[in-house]
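# The following comprises the amino acid sequence and a computationally predicted model.
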Amino acid sequence: MRLTRTSDLWWKNAVVYCLDVETFRDGDGDGCGDFRGLTQKIDHLERLGVTCIWLMPFYPSPDRDDGYDITDFYGVDPRLGTLGDFVEFVRTARDRGMRVIADLVVNHTSDRHPWFRDARASRDSRYRDWYVWADEPPADGPKGVVFPDKEDSLWQYDEHTGQYYLHRFYKHQPDLNVANPEVRDEIARIMGFWMELGLSGFRVDAVPFMLETSGQTDASRLPDPHDYLADLRSFLSRRNGEAILLGEVNLPYADTMPFYGGADGEELTMCFDFVGMQKMYLALARRDARPLAEALTARPTPPKDGHWATFVRNHDELTLDQLSDAERQEVFEAFGPEPGMRLYGRGLRRRLPPTLGGDLERLKMVYSLLFSLPGTPVLFYGEEIGMGEDPEAEGRQAVRTPMQWRPGRGAGFSEAEPSRFPARVVQGRYGPDHVSVAAQRRDPGSLLSWIRMLIERYRENPELAWGDFTVLDTGSESVLAHRCTYEGGTVVALHNFSADAVEVGLVLDGFDSSWSLTDLLGEGTTEIAPDGRAVIGLDGHGCRWLRPRPTGA
């Protein structure tokens, strides 16, 4: 059992910002983003209110899977800088009050990694058992393949040694054998190395795949995968008591909870709320808040100090695989009507602004929802200014375009020729001439100003991060209302999923006419009747955060 002080639980009210160093800012003029460029733009993240920066993979890589195909877990890709540049960035972030976490991608390596090159040289090689081999693989077919448009099997034949190796992702990403104690020790060394250089934890990539042993020989005799995850968490805590593991676990709630560990929460610190995110998109498509309200009501409470991570958009496809086939089709018809907008038959490769047709009020409502829901909000770079996607890019690369700092051909990302950029700058309505940090920074009506204000209010009202959460009855299908209570304080948030104005009545237990509701996102107050009832108006796609205060206070 770990004894943790409340002050150590920084992740409970953090604001996490995910970015790809490669596409954020070029600091040396070669056309590729790097740690120097990221460090130069740290002021933007500080002004925004970010408290934790999550780095997508920056390790040496052939870059066949946007850096997730790693050839060295102990280095920085030369295109992005040096270890010295990395340390300087982490130090600068810390000086500004921001922690840094990074992707831990240890379910596989690149097939060009020295370990795998040694492993495929001979069946007697030093690293042979660091991977999973079989003389005759199971007849899996396409079932379980992560990228069905690229791969049709989980196994790839290696001609040199006459065996098949397991790869749950691309064939150029052979799976590591986490049942091998040597592999487990190496993963711990990797984590320890980066923590010594200043990291405050890791976002663990594809956790269920990392722990999966079903493809291995005599899997029933292998160690319990969850014991291994608990060992990693214990190692992390011994090295740094405040460090976290943020897990990518895209499963139903009942199947996600075991990844937190038992009653003491001895495995992952946080898990992404994939179910809530997907139900939010269904609610948006229907303009009906009930799917999200039902998901939030059913969402279990993580054990001990665990927490949910909430998000609107991540760096992959916007997966919808926790919805039923009929529900997914509803979202496709509303937000991805063209086949090119969809990916793998299970998700969308779009950012939110084009998905919502550029409706600024609707966008503001969604981000108000993000920062008021129970959990730790996670932003993907560019969300704060409403960046769009590049529909011409392949697959999930559509949403991984250069950050748009200012108008102009290079978007302020780099002074190099755009042909040298890692990806094309978004064109058209969502290009830098229309969407950029520079254009929105001093505009009080911009999305950037709105999100900056939401973050301020979120940090000022601890009930939202720490409080007990209750969905309230509004009598309206289109309005989600919830209440967060903590140490005697209460905040009530309302969000209208409809384009029509609406008036709803709420009953607030514990309050009467000696109290009134102060609007935290704007001006004005709302009276509470003697029986605790309050009547609250919302514009179409309107949102309000309200705090009860004694009348006249």
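Now that the structure is in, tell me what you want to look at.
# okay, which residue is most central for the chain?
Asn314 (4.9 Å; Cα atoms, centre = their mean).
# Helices of the stretch 1-150 of the chain, residue ranges please.
Under the criterion DSSP state H, counting those that start in this stretch, helices of the stretch 1-150 of the chain are mapped to 21-24, 35-40, 42-48, 83-95, 114-119.
# sorry, back to before: if you drop the residues flanking it in sequence, what lies closest to the residue nearest to the centre of the chain?
Once flanking residues are discounted, Asn314 sits nearest to Phe380: 6.0 Å by Cβ to Cβ, 6 or more residues apart in numbering. C-beta: built from backbone N, CA, C; applies to glycine.
# Distance of the one you found relative to Gly540?
Noted for Phe380: a distance of 26 Å to Gly540, by Cβ to Cβ, to the nearest Å.
# from memory Glu456 sits against Leu48, does it?
No: in this structure, Glu456 is not within contact of Leu48 by Cβ atoms under 8 Å, at 10.0 Å.
# Where does pLDDT dip in the stretch 351-500 of the chain?
Counting by pLDDT under 70, the stretch 351-500 of the chain shows no low-confidence range.
# Neighbour count: Glu456 and Leu48, which is higher?
It is Leu48, of Glu456 and Leu48, that has more neighbours when counted by other Cβ atoms under 10 Å, with 16 against 13.
# Might one say that that one is in contact with Leu454?
No: counting by Cβ under 8 Å, Leu48 does not reach Leu454; the two are 10.3 Å apart.
# In terms of helices and strands, where is Ile455?
helix 447-460 (DSSP states H and E).
# okay, the helices of the stretch 1-150 of the chain in CSV with distance to Gly265 and mean pLDDT next?
Listed next are those as CSV, based on distance: least, Cβ to Cβ, whole Å; pLDDT from 0 to 100:
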stretch, distance to Gly265, mean pLDDT
helix 21-24, 31, 98
helix 35-40, 32, 98
helix 42-48, 29, 98
helix 83-95, 26, 98
helix 114-119, 32, 98
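# Include distance to Trp450 when you put those into JSON lines, please.
Listed next are the helices of the stretch 1-150 of the chain as JSON lines, based on distance: least, Cβ to Cβ, whole Å:
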{"stretch": "helix 21-24", "distance to Trp450": "22"}
{"stretch": "helix 35-40", "distance to Trp450": "24"}
{"stretch": "helix 42-48", "distance to Trp450": "11"}
{"stretch": "helix 83-95", "distance to Trp450": "24"}
{"stretch": "helix 114-119", "distance to Trp450": "47"}
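# what's the closest of the ones you listed to Phe147?
Closest approach to Phe147 among those (Cβ to Cβ): helix 114-119, 19.1 Å.
# Next, give phi and psi for the closest residue to Leu19 other than its chain neighbours.
In space, and not counting its chain neighbours, Leu19 is closest to Tyr381: 4.1 Å by Cβ to Cβ, 6+ apart. Tyr381 adopts backbone torsions of phi -50, psi 140, taken as degrees, to the nearest 10.
# tell me the SS of Thr470?
strand (DSSP: H, G, I helix; E, B strand; the rest coil).
# bridging residues for it?
Arg483 (DSSP bridges).
# That one touches Thr490, doesn't it?
No: applying Cβ under 8 Å as the test, Thr470 and Thr490 come out as separate, 10.1 Å apart.
# out of these two, which sits in the busier spot?
Under the criterion of other Cβ under 10 Å, the comparison of Thr470 against Thr490 puts Thr490 first, with 22 against 15.
# ok so, going back, for Phe380 and Gly540, work out which one has more neighbours and name it.
Phe380 (24 against 17).
# Test of understanding: give the bridge partners of that one.
With DSSP bridges as the rule, Phe380 is bridged to Cys18.
# Return the residues in contact with it.
Phe380 makes contact with 18-19, 311-315, 399 under the criterion Cβ atoms under 8 Å, 6 or more residues apart in numbering.
# What of Asp69?
For Asp69, counting by Cβ under 8 Å, 6+ apart, the contacting residues are 61-63, 108-112, 170, 172-173.
# Save the residues you listed as JSON lines, and put in neighbour count and pLDDT too.
Shown next, in JSON lines, are those (neighbours: other Cβ atoms under 10 Å; pLDDT from 0 to 100):
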{"residue": "Ser61", "neighbour count": "24", "pLDDT": "98"}
{"residue": "Pro62", "neighbour count": "15", "pLDDT": "97"}
{"residue": "Asp63", "neighbour count": "15", "pLDDT": "96"}
{"residue": "His108", "neighbour count": "27", "pLDDT": "97"}
{"residue": "Thr109", "neighbour count": "26", "pLDDT": "98"}
{"residue": "Ser110", "neighbour count": "26", "pLDDT": "98"}
{"residue": "Asp111", "neighbour count": "23", "pLDDT": "98"}
{"residue": "Arg112", "neighbour count": "15", "pLDDT": "98"}
{"residue": "Tyr170", "neighbour count": "20", "pLDDT": "94"}
{"residue": "His172", "neighbour count": "17", "pLDDT": "97"}
{"residue": "Gln173", "neighbour count": "25", "pLDDT": "97"}
